[in-house]
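# Sequence first, predicted coordinates after that:
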Amino acid sequence: MQFLWKWVDELIGKGLEIDIILKFIIYAATRLVPLALPIAMLIASIMTYGKLAERNELSALKSSGISLIRIMIPLFIFSVIISILSFNYSNYILPVANLKSGTLIYDIQKKKPAINIREGEFYNEIDGYTIKVSKKDYLSSMMYDIIIYDHTSEQSNDKVIVSDSAEMKITDNEQYLELKLYNGSSYIEIYNKDRLKNYGHQRINFKENTIRFDLKKFGLKRSDENIYKNHYSMMNIKQLSYSIDSLEKKLEDKEEYYSNNYTDKFNLKLSSVNGTLLKNSNTYRNKKEKMDYAINKVRSIKSILKSNSDDLNHKKSIINRHKIEWHRKFSLSFACIILFVIGASLGSIIKKGGFGIPILVSILLFILYHILNITGEKQVKEVGLNPLIGMWLANLVFTPVSLILLYKATTDSPLLDFSYYKQTINNLFNRGKLNKS
């Protein structure tokens with residue numbers, strides 16, 4: 001559903017073939033498998049052990065001298081196998097699926113470069129140009145009633161192009177994005193040589209006009225395999241480890257470079273000021289000039305340090321995103337084991353099977369797990385939390401919970417037995433009445 005909400009406006013009604021839309025959905029579903037396996041283990045374990053407890057089969061096994069932990073061992077081994085399969089899926093299959101999805105987007109952009117331009121909205125993703133289209137024909141890739149504002153000159157917005165129709169496509173050599181305009185006019189402001197005075201405007205009518213944009217600005221002047229192969233979501237554990245080491249080495253070199261080259265900027269010596277200012281330091285004018293010099297020096301240093309700090313934080317953020325993917329492959333796999341233990345323990349305590357209470361409890365638990373997981377990941381992306389802690393936050397919280405529930409289940413604790421709480425409340429209420437009498 002998240003995928004459909006995000007991409008429905010870009011896919012539906014854009015003239016894309018049904019097989020391309022299906023491929024998009026399949027790739028989206030493929031990316032969700034590592035996240036779906038933990039909740040599948042949770043639901044299956046609660047339903048299974050809840051049904052066994054509801055039919056008193058767990059009680060019969062326990063009365064035969066078989067402990068709950070021994071009953072859980074076969075399915076626990078199965079959950080470990082699922083966890084290993086989940087890790088291998090994330091490590092080998094998921095990067096390929098992400099790569100296929102990225103190249104599919106690239107193919108669509110080549111085939112229908114105007115797909116991102118929406119009707120009745122200003123499109124400014126092309127540097128120096130703003131485009132507005134009133135109507136589009138997605139099957140023929142034709143656009144109608146086009147207005148183009150050209151900001152590429154020194155005077156910024158001094159050229160406007162109006163056209164009845166247009167067609168956008170990529171040239172055969174894949175070097176340029178070509179926009180062919182039909183039946184329109186160009187309005188150009190005319191200035192003097194110094195471009196200080198406006199002498200009116202010039203109008204040029206045309207039947208056909210072609211505007212070409214360099215594809216290097218769009219990042220499309222590359223082969224399909226090279227577009228996303230260095231992206232962290234397209235890498236396995238080995239590639240991520242190598243990339244993290246390389247990025248951290250570059251970050252260390254950059255930090256050392258900044259430290260060696262900008263530490264001396266804090267030394268505000270006035271010896272560099274013009275000698276005449278230093279000789280006549282008693283006058284108010286020279287004192288003011290020296291103060292202005294110092295203030296400007298500090299502002300310059302502040303600007304440099306802020307730029308350097310932003311650059312370093314950006315590099316740290318990229319490294320953290322690589323580490324997020326590295327830890328995600330392990331944390332989601334380990335979650336299969338943790339959620340199985342929680343589900344089996346809760347099922348034996350609740351003593352309800354089927355699609356009622358087990359599904360409700362599973363959804364609530366998984367929502368909590370997902371919120372913790374997203375919160376930790378967000379903090380890591382903002383360089384506010386260590387990737388190890390952030391990506392394992394949900395598992396760190398749920399691991400002790402699973403051990404507590406397992407202990408309660410093995411000791412037949414009435415933790416979630418609502419009849420027990422009802423009887424306890426009734427006993428307290430009746431005891432209060434007896435005390436009053």
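Perfect, thanks for sending it. If you're wondering where the values come from, they're calculated on a predicted model, not measured in any experiment.
# To what extent is Leu393 buried, counted in neighbours?
21 (other CB atoms under 10 Å). Any C-beta I mention is one placed from the backbone N, CA and C, and that applies to glycine too.
# which residues touch the residue nearest to it when sequence neighbours are not counted?
Take Leu393 and drop its neighbours on the chain: the residue closest to it by CB to CB, 6 or more residues apart in numbering is Gly376, 3.6 Å away. Gly376 is in contact with 385, 389-394, counting by CB atoms under 8 Å, 6 or more residues apart in numbering.
# Filter these down to the ones in helices?
389-391, 393-394 (DSSP state H).
# Let me see the ranges of the helices in the stretch 1-150 of the chain.
Applying DSSP state H, counting those that start in this stretch to the stretch 1-150 of the chain gives helices spanning 2-11, 18-54, 57-63, 68-88, 94-111.
# The stretch 251-400 of the chain: strands as residue ranges?
Read by DSSP state E, counting those that start in this stretch, the stretch 251-400 of the chain holds no strands at all.
# in this protein, which helix or strand is least confident?
When the helices and strands of the chain are scored by mean pLDDT, DSSP states H and E, helix 275-279 comes last with a mean of 46.
# if we can go back for a sec, what's the lowest-pLDDT member of the contacts of Gly376?
Lowest pLDDT of the contacts of Gly376: Leu385, 84.
# about what we covered before: I'd like the contacts of Gly376 as CSV, with distance to Glu325 appended.
What follows is those, written out as CSV (distance: CB to CB, whole Å):
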residue, distance to Glu325
Leu385, 16
Ile389, 16
Gly390, 13
Met391, 9
Trp392, 14
Leu393, 16
Ala394, 16
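# right, and out of these, which lies closest to Tyr27?
Nearest to Tyr27 among the contacts of Gly376: Met391, at 23.3 Å, using CB to CB.
# Test my guess that that closest one contacts Gln379.
No - the criterion here is CB atoms under 8 Å, and Met391 misses it with Gln379 at 9.9 Å.
# Look at these two and report which has more neighbours.
Met391 (26 against 18).
# any idea how far the more buried one lies from Lys329?
10 Å (CB to CB, to the nearest Å).
# And for Ile147?
48 Å.
# who has more neighbours, these two?
More neighbours surround Lys329 than the other of Ile147 and Lys329, with 22 against 15 (other CB under 10 Å).
# give the contact list for the more buried one.
Here Lys329 is in contact with 34, 87, 90-91, 237 (CB under 8 Å, 6+ apart).
# just the buried members of those?
Buried positions within the contacts of Lys329, assessed by neighbour count (16 or more other CB atoms under 10 Å), are 34, 87, 90-91, 237.
# from the residues you listed, which is closest to Ile367?
Taking CB to CB as the measure, Ile367 sits nearest to Pro34 out of those, at 17.5 Å.
# The closest one against Ser86, yeah?
Yes - shown here, Pro34 and Ser86 form a contact pair, counting by CB under 8 Å, at 5.6 Å.
# How about the backbone phi and psi for Arg55?
As for Arg55, its main-chain torsions (degrees, to the nearest 10) stand at phi -90, psi 10.
# Once you drop chain neighbours, what's closest to it?
Distance criterion CB to CB, 6+ apart; nearest residue to Arg55, sequence neighbours excluded, is Gly353 at 8.0 Å.
# Next, the contact list for Val162, please.
Contacts for Val162 (CB under 8 Å, 6+ apart) come out as 146-148, 184-185, 187.
# The helix or strand harbouring Glu248 versus helix 68-88: what angle between them?
Taking DSSP states H and E as the definition, Glu248 sits inside helix 237-262. Interaxial angle, helix 237-262 versus helix 68-88 (axes from the mean of the first three to the mean of the last three CA atoms, to 10 degrees): 70 degrees.
# What is the burial count for the spatially closest residue to Asn230 that is not a sequence neighbour?
Nearest in space to Asn230, with sequence neighbours left out and distances taken as CB to CB, 6+ apart, is Ser243 at 7.7 Å. Using other CB under 10 Å, Ser243 has 19 other residues around it.
# Ok, Lys135 next?
Neighbours of Lys135 (other CB under 10 Å): 12.
# if I look at it, how far off is Tyr242?
Noted for Lys135: a distance of 50 Å to Tyr242, by CB to CB.
# Same question for Lys352.
Taking CB to CB as the measure, Lys352 falls 49 Å from Tyr242.
# higher neighbour count, these two?
Lys352 (19 against 11).
# hang on, isn't that one packed against Pro358?
Yes - in this structure, Lys352 is within contact of Pro358 by CB under 8 Å, at 6.3 Å.
# tell me, what's touching those two both at once?
Shared contacts of Lys352 and Pro358 (CB under 8 Å, 6+ apart): Gly50.
# give me the number of residues near Ile21?
14.
# before we move on, what about the one 4 residues further on?
Residues within reach of Ile25, counting by other CB under 10 Å, total 13.
# Report the separation between it and Ser101.
For Ile25, the distance to Ser101 - CB to CB - is 11 Å.
# swap in Arg212?
Using CB to CB, we find Arg212 at a distance of 29 Å from Ser101.
# Any chance of the buried ones among the contacts of Lys329 in TSV with pLDDT and distance to Leu68 as columns?
Listed next are the buried ones among the contacts of Lys329 as TSV, based on pLDDT from 0 to 100; distance: CB to CB, whole Å:
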residue	pLDDT	distance to Leu68
Pro34	90	29
Phe87	94	27
Ser90	92	31
Asn91	92	33
Ile237	92	35
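# Need these in TSV (columns: distance to Thr411).
Output for the buried ones among the contacts of Lys329, formatted as TSV (distance: CB to CB, whole Å):
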residue	distance to Thr411
Pro34	34
Phe87	33
Ser90	36
Asn91	39
Ile237	40
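# any low-confidence regions in the stretch 1-150 of the chain?
1-4, 6-16, 106-116, 125, 127, 138-140 (pLDDT under 70).
# try the stretch 151-300 of the chain
If you take pLDDT under 70 as the line, the stretch 151-300 of the chain has these spans: 153-157, 174, 191-200, 214-229, 262-287.
# Spell out, range by range, the helices that occur in it.
Using DSSP H, counting those that start in this stretch, helices in the stretch 151-300 of the chain cover 224-228, 237-262, 275-279, 284-350.
# before we move on, the earlier item: and the helix holding Glu248, what does it pack against?
helix 284-350 (3 or more CB pairs under 8 Å, 6 or more residues apart in numbering; DSSP states H and E).
# residues in contact with Asp150?
128-129, 157-161.
# among those residues, who's most crowded?
In terms of neighbours by other CB under 10 Å, these top out with Ile161 at 23 neighbours.
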